[in-house]
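Participant: one predicted model, sequence on top.
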Amino acid sequence: MRMRNLVAVATVIAIAAIPTLAQPANNLLANPDFETLRPITVEDGGLWHGWTIAGEPTVPAEWSFNTRYVGSMEVRRDDPHSGAYYLRVAAPEGDSSHVYQIREDFEVGQWYRISAHIRGGAAG
């Protein structure tokens, strides 16, 4: 009985994964590569909704910046993985900072492949 349940679960997982193999790779995020920017107005000290903005006062369009988990953010042009820009986010020591999108076009029960290019290291 236990082996039958395991086979049934494995079959369901395999069948659920098939749609991702057959579908084209459509990106469901808006502005996934941060190439579309929007200007912002920063306060004295470079603050914007609690975030410290370095460099030009721009942020990637379509992205939200968590005002509860703030840090520093800069749209950079030096050595991007692809395209013209990348986003540098740094969190305060021992904390985290969040940049996100809320999407309503995901389907329940559907499998999605997520990929990102992330560079780690000390902020400097």
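Facilitator: Great, that's in hand.

Participant: helix/strand/coil for residue 121?
Facilitator: What DSSP: H, G, I helix; E, B strand; the rest coil gives for residue 121 is coil.

Participant: equivalent analysis for residue 87, please.
Facilitator: strand.

Participant: distance of it from residue 31?
Facilitator: Distance of residue 87 to residue 31, computed by Cβ to Cβ, to the nearest Å: 10 Å. (Each C-beta comes from the backbone N, C-alpha and C, glycine too.)

Participant: could you do residue 101 as well?
Facilitator: For residue 101, the distance to residue 31 equals 9 Å [Cβ to Cβ].

Participant: tally of neighbours for residue 73?
Facilitator: By the criterion of other Cβ atoms under 10 Å, residue 73 has 22 neighbours.

Participant: who does it form a beta bridge with?
Facilitator: residue 53, residue 89 (DSSP bridges).

Participant: tell me the contacts of it?
Facilitator: 51-54, 59, 65, 87-90, 97, 99 (Cβ atoms under 8 Å, 6 or more residues apart in numbering).

Participant: give me the distance between it and residue 105.
Facilitator: Taken as Cβ to Cβ, the span from residue 73 to residue 105 is 26 Å.
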